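Peer 1: got a sequence here, can you model it:
(chains A and B)
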Amino acid sequence: MDFCSSINGLPAFIISDILSRLPTKTVIRCKSVCKSWRNLLLEPYFANLHLSRSPASLIVHQVGSDILNLLEFQDEFDGHDLRYDPVMKFDLRVCYPDGQILLVGSVNGLLCFCDYTNECLFICNPTVRQYVTVPEPKHRTRYPSMIVYGFGFSSISGQYKLVQIYQKALSDPALGNCSYENLGEVYTLGTGKWRSIGTVPFGYDLRLYSVTLNGNIHWLICDMESPYSICAFDIENESFRGFSSVPGLSRGTLYKSLGLLEGRLCVSDNSSNSDLVIWVMKEYGVSESWTKEIVIRLESDLTCLLYAQVTPIKVWRNGDILMLWRDDFLCSYNAERNSLEQVVVPRESAHIVHRFITYEMMLHVASFCSLKDFAMEKVDMF
Amino acid sequence: MASSIENNNEKLTLKSSDGEEFLVEKHVALQSTLLQNMLDSDCSSADVIPLPKIDARTLALVLGYCKKHADASSSKQGELNSFDSEFLKDMDMGALFNLVLAANFMEIKGLLDIAAQKIADTIKDKPHQEVREIFHVENDYTPEEEAAVREENRWAFEGFP
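Peer 2: Just a heads-up that it's a prediction; the model follows:
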């Protein structure tokens, strides 16, 4: 064999393999190296390879600013932090004229967000600066009706689906006591239209965050009578099922939140006046496997955590837990010292519209998945 | 060469593209899925196995890697990790390219992984002009085309030439 001196003497799939190991920004700049690289980096083969190696980062959305910051985790055994790169900042205001956005979900680098004021939904990939405006659902729910969204991916069909659950009054609410039914609609990315999926057998709170795992989208349910505490929506089959309640968990969703802890579903319960308890479902879908994984005694300095929703985000390598208290205080909890350390996130001072700064945070994996690969979508750049 | 060694059936001979022969213990050769499949089928270990795509210098490196990994017990992962990084430390880019090609041809996943990672690490956070130099890539863009591609992704160039 000839001695190989240029990287372009290597087969294309090896070049893809090498480039897929680079940080997002280096990959993007590599498009400028030569034409064949640019073509290589636009292929779905590269996008999938890169995605399989891409580390999770943290999306921080300061509510009202409509600016997303992507923060990298710096996670070593001897310490941890969030790394802020001002370039990894995405201004979503270009996607829509006015209103206020809230995040719906993030899957494989695709981020779904909602403009509640104008009842518009968007799916964007901040890494490739593309977005699509999702067509209007069949049912448009006027604020303040209950509406819940979820966004997920089926690895069976390779489809991305957006689900909307809304309430429909069974009689005229003005006439007094009224019952409601919950109905669902699904939008498959690339199809251009919503489909009804009929009745949804659970009740939810307004503006509830979902958690996607194992091809299912999960929400906490709020029915006080239900034997279930979590609802799972199978993204492939579009069917709903309930997971039996966490043992001893009180009814209702107050001071509770659903999250992911090391790839497992967890429920954080802060409704007692003494402990914050994080339950983990050790074996997916098996209600008997709920385990009291973390108990934080809320005494002395930690009483500040009482009576608020706490959402676990990540377990650091050294065992500390990164969690969001309420929606404004990000902190790391150290079990040995039973102590909290605040984790500072960037503030967008130029766009503050709220008196109190609140955040939405979720995990996000940067990907080069192009929205142009979805047939019926009109893709805009930002 | 092979005949002078005892336990001949536990060894096999590999021949590089430039004609050099390497006598390899069977358990070392098994690090390569390609060789494993050849041995599993009908290939007699007495035969000389030609590797026409791999030169002697590269093959020697590959076999050094295989020997270390075949001999180390699985409990010594830390030791292997430091061997791996030392192994690639001062290797020039041409040698790395040939190593990654050989690892791909011989199907040695671990070696392919560390060599590809090492190559990637050398251009991490580097400007694209420097990437061309490091990898000997010819710029086939016209200045206008290059400016257009850059403009598409302007944000990723902030702070870069």
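Peer 1: please count neighbours and contacts with C-alpha atoms only from this point.
Peer 2: Fine.
Peer 1: in the stretch 251-382 of chain A, what residue is nearest chain B?
Peer 2: Residue of the stretch 251-382 of chain A nearest chain B, by CA to the nearest CA: residue A:381 (9.5 Å).
Peer 1: which ones are touching the closest residue to that residue other than its chain neighbours?
Peer 2: The shortest distance from residue A:381 to any non-neighbouring residue, by CA to CA, 6 or more residues apart in numbering or on different chains, is to residue A:130 (4.6 Å). By CA atoms under 8 Å, 6 or more residues apart in numbering or on different chains, the contact list for residue A:130 reads A:124, A:370-371, A:379-382.
Peer 1: which one (most neighbours) among those?
Peer 2: Highest neighbour count within these: residue A:124, with 25 neighbours (other CA atoms under 10 Å in any protein chain shown).
Peer 1: tally of neighbours for residue A:267?
Peer 2: Counted with other CA under 10 Å, residue A:267 comes out at 26.
Peer 1: ok, now how distant is it from residue A:255?
Peer 2: Applying CA to CA, to the nearest Å, the value for residue A:267 to residue A:255 is 10 Å.
Peer 1: again, but for residue A:378
Peer 2: For residue A:378, the distance to residue A:255 - CA to CA - is 40 Å.
Peer 1: need the residues of chain B near chain A, please.
Peer 2: For chain B, the residues in contact with chain A (CA under 8 Å from any CA of the partner chain) are B:17, B:52-55, B:93-94, B:97-98, B:101, B:116-117, B:119-121, B:124-129, B:131-132, B:135-141, B:146, B:149-150, B:153, B:155-158.
Peer 1: before we move on, back to that, relative to chain B, how far out is the residue nearest to residue A:381?
Peer 2: Separation of residue A:130 from chain B (CA to the nearest CA, to the nearest Å) stands at 11 Å.
Peer 1: who's that residue bridged to?
Peer 2: residue A:125, residue A:381 (DSSP bridges).
Peer 1: again with residue A:211
Peer 2: residue A:218.
Peer 1: for it, give me its contacts.
Peer 2: Neighbouring residues of residue A:211 by CA under 8 Å, 6+ apart: A:105, A:217-219, A:258-260.
Peer 1: redo the residues you listed as a markdown table? Include pLDDT and neighbour count.
Peer 2: Converted to a markdown table, those look like this (pLDDT from 0 to 100; neighbours: other CA atoms under 10 Å in any protein chain shown):
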| residue | pLDDT | neighbour count |
| --- | --- | --- |
| A:105 | 95 | 24 |
| A:217 | 96 | 23 |
| A:218 | 95 | 25 |
| A:219 | 92 | 27 |
| A:258 | 91 | 25 |
| A:259 | 91 | 28 |
| A:260 | 92 | 20 |
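Peer 1: tell me how far the residue of chain B most remote from its centre lies from chain A.
Peer 2: Using CA atoms, centre = their mean, the residue of chain B lying farthest from its centre is residue B:144. It sits 37.1 Å away. To chain A, residue B:144 is 12 Å away according to CA to the nearest CA.
Peer 1: in chain B, where is pLDDT below threshold?
Peer 2: Across chain B, the ranges flagged by pLDDT under 70 are B:1-9, B:42-46, B:73-75.
Peer 1: before we move on, the earlier item: out of the contacts of residue A:211, the closest to residue A:70 would be?
Peer 2: residue A:105 (14.4 Å; CA to CA).
Peer 1: who's in contact with the residue nearest to residue A:50 when sequence neighbours are not counted?
Peer 2: Taking CA to CA, 6+ apart, and ignoring the residues beside it in sequence, residue A:50 has residue A:20 as its nearest neighbour in space, at 4.4 Å. Residue A:20 sits next to A:27, A:46, A:49-50, A:53 when contact means CA under 8 Å, 6+ apart.
Peer 1: confirm residue B:57 sits in a strand?
Peer 2: No. Assessed with DSSP: H, G, I helix; E, B strand; the rest coil, residue B:57 is helix; it does not lie in a strand.
Peer 1: hang on, the earlier thing: which of the residues of chain B next to chain A fall in helices?
Peer 2: B:93-94, B:97-98, B:101, B:116-117, B:119-121, B:128-129, B:131-132, B:135, B:146, B:149-150 (DSSP state H).
Peer 1: remind me which residues of the stretch 51-200 of chain A are low pLDDT?
Peer 2: Within the stretch 51-200 of chain A, the ranges that satisfy pLDDT under 70 run A:97, A:141-145.
Peer 1: that one against chain B: which residues are in contact?
Peer 2: Neighbours of chain B within the stretch 51-200 of chain A, by CA under 8 Å from any CA: residue A:87.
Peer 1: how about the strands in the stretch 51-200 of chain A?
Peer 2: In the stretch 51-200 of chain A, the strands defined using DSSP state E, counting those that start in this stretch lie at A:56-62, A:67-76, A:79-91, A:101-107, A:110-115, A:120-125, A:130-134, A:147-154, A:159-169, A:180-188, A:194-199.
Peer 1: wait, which of the ones you listed is closest to residue A:225?
Peer 2: For residue A:225, the closest of these is strand A:180-188, at 15.2 Å, according to CA to CA.
Peer 1: how about that closest one, which residues are buried there?
Peer 2: Residues A:182-188 are the ones in strand A:180-188 that count as buried (16 or more other CA atoms under 10 Å in any protein chain shown).
Peer 1: could you tell me the end-to-end distance of stretch A:231-248?
Peer 2: End-to-end for stretch A:231-248, by CA to CA: 18 Å.
Peer 1: how about residues contacting that stretch?
Peer 2: When contacts are defined by CA under 8 Å, 6+ apart, stretch A:231-248 is touched by residues A:152-154, A:156-157, A:161, A:197, A:200-202, A:215-221, A:227-230, A:279, A:285-287, A:290.
Peer 1: which among the residues you listed count as buried?
Peer 2: Listed as buried from the contacts of stretch A:231-248 are A:152-154, A:161, A:200, A:202, A:215-221, A:228-230, A:279, A:285, A:287, A:290; burial here means 16+ other CA under 10 Å.
Peer 1: show me how far stretch A:32-51 is from its chain's centre.
Peer 2: Taking CA atoms, centre = their mean, to the nearest Å, one finds stretch A:32-51 lying 26 Å from the centre of the chain it belongs to.
Peer 1: stretch A:148-157 too?
Peer 2: Worked out by CA atoms, centre = their mean, stretch A:148-157 lies 11 Å from the chain centre.
Peer 1: what does stretch A:229-240 give?
Peer 2: So, by CA atoms, centre = their mean, the centroid of stretch A:229-240 is 17 Å from its chain's centroid.
Peer 1: helix or strand right after whichever strand or helix holds residue B:24?
Peer 2: Assigned by DSSP states H and E, residue B:24 falls within strand B:21-25. From strand B:21-25 onward toward the C-terminus, using DSSP H and E, the following helix or strand is helix B:26-29.
Peer 1: buried sites along that following helix?
Peer 2: Under the neighbour-count criterion of 16+ other CA under 10 Å, helix B:26-29 has B:26, B:28-29 buried.
Peer 1: that concludes my questions; thank you for your assistance.
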